[in-house]
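# Next one to model:
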Amino acid sequence: MAFSERALASGGVSGVRWCFGAPAIEVILVQYEALLDVYDWLIPDAKLTPQGSVAALGDLVRTLPADARVLDCSCGTGQLAVGLASLGFDVVATEASAGMVGRTRELADEHSVPLQAMAAAWDDLPDHFESSTFDLVICVGNSLCHAQGSAGRMAALSVMSGLLSPQGLLVLTSRTWELVRAAGTRMDVRDHLVRRRGQDAVVVYSWQIAQPWDQEHHLEIAVARLGPDGSVLTTSEQLSFWPYRYEVLVAELRSAGLGIVESTSDPASDVCRVVAALA
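Model prediction:
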């Protein structure tokens, strides 16, 4: 737990390192761009490829017109965006992180598919695209919680709604925040090693749960990579998030001019997917 205490105290200052004992345990605290270096460790195995990420959308993809224009406005490292582009859709991938966008471009080049990728926050999107532009807008990976409270979510959802074509669909995924908050402040250590590129790691989530729903919460994510010599290299990143009840999300979608077409909401399930359309 020492790495978590130091990380929270430091606020994630870039380049700070500690080594404890032998073998060495090295902790690197960095800003948001560090998430790029550990992102693949956090993605489920099934979504590690463009094809796997598209498969997670299920039958939805088959309902799109062949020339559909798609906006992935939380593209991460681009697995889903590249997968959709490989099916022939006209895809735009955006992210607030320039590093994530760079990785998305590299992945598109690797798979020889054309797509447009740009670093842009949600509130920047109307500066780049006309209204009613996209047949599908995607905001997955539990990204919406990083909008600052109800006002931030409403602003983001209103932008997404405004970019939808009249028959377009919005797809978003979210944690079931009622479950997260009910468990309280805690440290979750994943119950199995994660293997990426021939290396194993332990993934740790440290949740700091505020009392009011609308207050800023904090999550520190640490990926402890195990070296062949017994060393442990841990990269840690602290993120802010603003949780919300499912019924609040439904009301905010309605206020943004959207109605729910499909929802997998289940109070006992960790994750929910919502498909919405212009009301």
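# Where does pLDDT dip in the stretch 151-279 of the chain?
The stretch 151-279 of the chain contains no residues with pLDDT under 70.
# so where do the strands sit in it?
Applying DSSP state E, counting those that start in this stretch to the stretch 151-279 of the chain gives strands spanning 164-175, 186-189, 194-196, 199-208, 217-226, 232-241, 258-263, 271-278.
# Now do the longest one: which elements does it pack against?
I take that to be strand 164-175. Other helices and strands packing on strand 164-175, by 3 or more C-beta pairs under 8 Å, 6 or more residues apart in numbering; DSSP states H and E, are strand 134-139, strand 271-278. For glycine as for every other residue, the C-beta is placed from the backbone atoms N, C-alpha and C.
# List of residues touching that strand?
The set of residues external to strand 164-175 that reach it, using C-beta atoms under 8 Å, 6 or more residues apart in numbering, is 57, 60, 69, 132-145, 160-161, 243-244, 246, 249, 258, 261, 270-278.
# That strand to strand 232-241, inter-axis angle?
Computed by axes from the mean of the first three to the mean of the last three C-alpha atoms, to 10 degrees, the angle separating strand 164-175 from strand 232-241 equals 130 degrees.
# Direction included, what does strand 164-175 pair against?
Taking DSSP bridges as the criterion, strand 164-175 pairs within the sheet with strand 134-139 (parallel), strand 271-278 (antiparallel).
# Just put these in a markdown table and tack on distance to Arg197 and mean neighbour count.
Compiled in a markdown table, these are given as follows (distance: least, C-beta to C-beta, whole Å; neighbours: other C-beta atoms under 10 Å):
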| stretch | distance to Arg197 | mean neighbour count |
| --- | --- | --- |
| strand 134-139 | 26 | 24 |
| strand 271-278 | 26 | 19 |
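# can I get those strands in a markdown table with distance to Pro44?
Output for those, formatted as a markdown table (distance: least, C-beta to C-beta, whole Å):
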| stretch | distance to Pro44 |
| --- | --- |
| strand 134-139 | 17 |
| strand 271-278 | 10 |
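# okay if I get the strands of the stretch 151-279 of the chain as CSV plus distance to Ala156?
CSV is the format used below for those (distance: least, C-beta to C-beta, whole Å):
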stretch, distance to Ala156
strand 164-175, 10
strand 186-189, 27
strand 194-196, 30
strand 199-208, 23
strand 217-226, 17
strand 232-241, 13
strand 258-263, 12
strand 271-278, 13
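# Which one, of those strands, ends up nearest to Gly102?
With C-beta to C-beta as the measure, strand 232-241 is the member of the strands of the stretch 151-279 of the chain nearest Gly102 (17.6 Å).
# any idea of the angle the closest one forms with strand 217-226?
Between the axes of strand 232-241 and strand 217-226, defined by the same axes, to 10 degrees, the angle is 160 degrees.
# Quick check: nearest residue in space to Met154, chain neighbours excluded?
Closest residue to Met154 apart from its sequence neighbours, by C-beta to C-beta, 6 or more residues apart in numbering: Glu252 at 5.6 Å.
# what ranges of the stretch 1-150 of the chain fall below the confidence cut-off?
In the predicted model of the stretch 1-150 of the chain, residues 1-35 satisfy pLDDT under 70.
# Count the residues that sit near Val61.
17 (other C-beta atoms under 10 Å).
# right, and it touches Gly83 too?
No. If you go by C-beta atoms under 8 Å, Val61 and Gly83 don't touch, sitting 9.1 Å apart.
# what's the overlap in contacts for the two?
Shared contacts of Val61 and Gly83 (C-beta under 8 Å, 6+ apart): Val54.
# ok, and for the helix or strand containing Ser53, which residues are buried?
Here Ser53, judged by DSSP states H and E, is contained in helix 50-55. Within helix 50-55, the residues that qualify as buried are Pro50, Gly52, Ser53, Val54, counting by 16 or more other C-beta atoms under 10 Å.
# Let me have the residues you listed in JSON lines, extended by distance to Val203.
Formatted as JSON lines, the buried residues of helix 50-55 follow (distance: C-beta to C-beta, whole Å):
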{"residue": "Pro50", "distance to Val203": "23"}
{"residue": "Gly52", "distance to Val203": "19"}
{"residue": "Ser53", "distance to Val203": "19"}
{"residue": "Val54", "distance to Val203": "24"}
